[in-house]
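1. Curious how this folds, go ahead:
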Amino acid sequence: MDMLYSYNGSDAKKVFRDYAKVIREEFYQGDLELDSSDHFEVAIEKALGYPISVMRVKSTSGISFRRSMEDIRENQIGVRVIWFITRGSLALVRSANSYGVESGECCILDSSDPFLAHAEPDSRGVFEASQAIVPAHLFLTHLADADELNEPFPIHMGGRRLITRFLDIMIEDGDCLTRVAAESLVTSFLISMADCLASRIEDVPKRQSLIDRRFEDIDTYIAKHLTDPDLNYVDVAKNCGISTRHLCHVLKIHNTSFSERLWSQRMVKAHDWLLSDKFIDQPIYHIAYMAGFKSAAHFSRMFKEVYGISPKECRVAGATRAPSHRIESVDCFDILK
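-> Presented below is the predicted three-dimensional model:
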């Protein structure tokens, strides 16, 4: 096992600088914080590296690490980190929920979701844990259903002994393994994890798929920036932390396109404003600009195509008619060509 970093002293700035560098190089981008202390004792060891990495961390100081959406957009590494807490505890704050992981428990972190993790030493002042850093494709091959777990979990005794033995072999003898042997050992380790979690996963309600979550992210961003006349799919993709091609892929799976999501939301908003008492004194061209249209003529033409009447007729009649058809769809993949 290689020693990536070791320090025993009182120089907080050095610990912060060197520890943060190791995390960025071996894990992913984010912000590190250390609890105030007069003395720091930190050690980070690494085994394997292929097809997964196994780390062992020991610290006498509390450590916090935050990974934000901005970090994810800048550093879109796809890994799962399986934590095995040996001493102390780990507090996790995630978008789905928050929970604590105690000694003897495990948890799984997804690098594509924002989180805040705080490692807290035990009563004797020591935090110790092992981590299996698993690339997304391997995790989804063997442990896809474990993505549903939004809580810590103990591993039942029989499975725990087997998993611990696999973990120990990877930690102690990883440097001696050939790539073929390492692949076989890691596969056995992940399958054993899946077997131990099978009954627990069955009891967990299925959460949204990643595609559905990304679709909600796209729709939410469009809704928040609807009035921006220059809103485009490139900006939406960037601010949702995905590529433009993936954005188009997500929308295509939901049988829609960027132009359809954008203009249909604008039309609904404009229709609501036309009939609202709060905007009764607003000229129709103001309503058009408020909804993100660059010209009143474009707004009127599209409004009549969707609702069958002009904006003026709609306001006068106070009509609430369902759209006669969907907004004309433009395929994002054609745009990308």
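
2. Quick one: the strands in the protein, in order.
-> 2-9, 31-34, 40-48, 53-59, 63-67, 79-87, 89-94, 98-102, 106-110, 115-120, 127-135 (DSSP state E).

3. Tabulate these (TSV), appending distance to residue 246 and mean pLDDT.
-> To be clear about C-beta, it is placed using only N, CA and C from the backbone, and glycine gets the same treatment. As requested, the strands of the chain are exported to TSV (distance: least, C-beta to C-beta, whole Å; pLDDT from 0 to 100):
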stretch	distance to residue 246	mean pLDDT
strand 2-9	33	90
strand 31-34	26	90
strand 40-48	30	91
strand 53-59	26	93
strand 63-67	20	91
strand 79-87	18	92
strand 89-94	22	92
strand 98-102	29	92
strand 106-110	16	90
strand 115-120	21	94
strand 127-135	18	93
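
4. Nearest to residue 217 among the ones you listed would be which one?
-> Residue 217 lies closest, by C-beta to C-beta, to one member of those: strand 106-110, at 14.7 Å.

5. and the angle from the closest one to strand 115-120?
-> 150 degrees (axes from the mean of the first three to the mean of the last three C-alpha atoms, to 10 degrees).

6. what are the C-alpha coordinates of strand 106-110, in CSV please?
-> The C-alpha trace of strand 106-110 is given here as CSV (Å, rounded to 0.1, in the frame of the first residue of the first chain):
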residue,chain,number,x,y,z
CYS,A,106,-21.1,1.9,5.2
CYS,A,107,-22.5,4.4,2.8
ILE,A,108,-22.2,5.2,-0.9
LEU,A,109,-21.5,8.7,-2.4
ASP,A,110,-22.1,9.6,-6.1
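
7. Quick one, grab the pLDDT at residue 320.
-> At residue 320, the pLDDT value in this model is 47.

8. try residue 1
-> Reported pLDDT for residue 1: 78.

9. what about it, neighbour count?
-> 16 (other C-beta atoms under 10 Å).

10. pretty sure it contacts residue 176?
-> No - using C-beta atoms under 8 Å, residue 1 is not in contact with residue 176; the gap is 10.8 Å.

11. before we move on, back to that, figure out which of the strands of the chain is closest to residue 17.
-> Here strand 31-34 is closest among the strands of the chain (C-beta to C-beta), at 9.5 Å.

12. starting at the chain centroid, how far to the closest one?
-> What separates the centre of strand 31-34 from the centre of its chain is 20 Å, taken as C-alpha atoms, centre = their mean, to the nearest Å.

13. what do you get for stretch 58-74?
-> On C-alpha atoms, centre = their mean, the centre of stretch 58-74 falls 14 Å from that of its chain.

14. Dump stretch 70-78 to CSV, restricted to CA.
-> Taking C-alpha atoms only, stretch 70-78 is exported to CSV below (Å, rounded to 0.1, in the frame of the first residue of the first chain):
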residue,chain,number,x,y,z
GLU,A,70,-20.1,24.2,-9.8
ASP,A,71,-17.4,21.7,-8.9
ILE,A,72,-19.4,19.0,-10.8
ARG,A,73,-19.7,21.1,-13.9
GLU,A,74,-16.0,21.8,-13.9
ASN,A,75,-14.9,18.3,-13.0
GLN,A,76,-17.5,15.8,-14.3
ILE,A,77,-15.7,12.6,-13.0
GLY,A,78,-18.1,9.7,-12.7
